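Asker: pasted the sequence and its predicted model underneath.
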Amino acid sequence: MARRERVIRMSVELPLWRALAGYRVLTMLYAVGFFATAYDGFARPWVAVGYYCVLFVWTVATLPKVASAASCTKRFLAADLTIALTGILLTTVADTHERIQSGGPTLPSIWTAGSVLAFAIKGGWRWAAFASTTVAVANLVERGTPARDTIHNVILVWVASIAIGYVVEVARASERTLARALEIEAATRERERLARDIHDGVLQVLAMVQRRGAVLGGEAAELGRMAGEQEVALRTLVAGGLVPVSRVSQDAAEGAVVRVVEEPAEQTGPVDLRSLLAPFAAARVNLAEPGAPVMLPAPAAKELAAAVGAALDNVRRHAGEDARAWILVEDEPDEVIITVRDDGPGIPEGRLAQAEGEGRLGVAQSIRGRLRDLGGSAELISTPGQGTEVELTVPKEKNVRRGKAEQR
């Protein structure tokens, strides 16, 4: 079945761009409304009317430009800042000197801050510092003298825009780091899945060829030696693995992008676990199961059955072909418990840690790794000379919810 690619996008910028678009419209209406209430006080109101017509058309027409970082180009930012600076300087032409000196607002009023914020979101704190500095100079020129209220407004816009620009830069860096962490996690889970599949198939065959070749001798012994070398090399590759490089979207507003390749399960509906465990029953393997069906989502049931198979493989490999094994299935209200017990010699103290260090991941990945992915646990109890017992526990509710989500 063809694999599908799931794309995860993470971005804190899109809400900022939407907020900026709303801010520009509201502040444009505020500036026009304030002018309408003070129309009689202007020396040349027709200058202000002409500017507000341009401001209205510009604000509405450029709403798509402030939808994302890709559409907000440098040329647009320059033109937008020019509109703001022109409005500030035209205030000295449209308004009276007395109103300007008394602290009257400029023609664009607080709409100017939207232009500065666009610089901050697009390019970070350095761009914000440039835009706010030019606005500060224009305000000082319009006022004529560095009055206290003018300096206060200039500093407020300067600090706010630089702070927002810095926060945007930090957010972008955090998104890239999070994307990298998610992709490493996805790659690790995929590597563990492949390690389990390889251990259940290829590595087991290579190990068997090595053992049989050593017993037969001659050319078979050489073949067994080569199989052993390939087994070691493959175990090293599986234990190390490769982690792909994170992707970052071309449009910065879309944030960091993580691509996870998934293989959809062939069946996601509930299946009877007993049907998957029945093939394990043999002359030396006794299967005890409930009389009623043990229903689990297909992916969970298959992984649980594979873990049981891995445990039986360990019995045959380490306890010998003559060892007996018992499989007990318990269907509890909240969980399914499977116990695999054998009458072999048991596992020496520290052997599991040593095997994992050598790249032998039968217990670590094929058993415990599978149960961990299912939200369950695998407990291994072994006493030298008294056999080994593996208890596999899988919660029902979590895997039922997961199965329903996969069906959607």
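Answerer: That came through fine. None of the values given here were measured: they were computed from a predicted structure. Numbering: from 1, shown residues only.

Asker: residue ranges in the stretch 301-408 of the chain under the pLDDT threshold?
Answerer: For the stretch 301-408 of the chain, the stretches with pLDDT under 70 are 350-365, 398-408.

Asker: apologies, that question was intended for the chain.
Answerer: 1-12, 147, 149-150, 191-204, 231-268, 350-365, 398-408.

Asker: show me where it has strands.
Answerer: Along the chain, counting by DSSP state E, strands occupy 4-10, 247-248, 256-262, 270-272, 285-288, 295-297, 325-331, 335-342, 377-382, 388-395.

Asker: closest one to A179 among these?
Answerer: Closest approach to A179 among the strands of the chain is made by strand 256-262 (3.4 Å; CB to CB). All C-beta spots, glycine's among them, are computed from the backbone N, C-alpha and C.

Asker: which helix of this protein spans the most residues?
Answerer: Longest helix in the chain by number of residues (criterion: DSSP state H): helix 148-198.

Asker: that one packs against which elements?
Answerer: Here helix 148-198 touches strand 4-10, helix 13-37, helix 111-123, helix 125-143, helix 219-240, strand 247-248, strand 256-262, helix 370-373, going by 3 or more CB pairs under 8 Å, 6 or more residues apart in numbering; DSSP states H and E.

Asker: can you put those in a markdown table and add distance to A307 and mean neighbour count?
Answerer: Formatted as a markdown table, the helices and strands packed on helix 148-198 follow (distance: least, CB to CB, whole Å; neighbours: other CB atoms under 10 Å):
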| stretch | distance to A307 | mean neighbour count |
| --- | --- | --- |
| strand 4-10 | 26 | 12 |
| helix 13-37 | 43 | 16 |
| helix 111-123 | 50 | 25 |
| helix 125-143 | 53 | 20 |
| helix 219-240 | 18 | 15 |
| strand 247-248 | 34 | 16 |
| strand 256-262 | 21 | 17 |
| helix 370-373 | 4 | 19 |
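
Asker: could I get those as JSON lines with distance to L380?
Answerer: Compiled in JSON lines, the helices and strands packed on helix 148-198 are given as follows (distance: least, CB to CB, whole Å):
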{"stretch": "strand 4-10", "distance to L380": "34"}
{"stretch": "helix 13-37", "distance to L380": "48"}
{"stretch": "helix 111-123", "distance to L380": "54"}
{"stretch": "helix 125-143", "distance to L380": "55"}
{"stretch": "helix 219-240", "distance to L380": "20"}
{"stretch": "strand 247-248", "distance to L380": "40"}
{"stretch": "strand 256-262", "distance to L380": "30"}
{"stretch": "helix 370-373", "distance to L380": "11"}
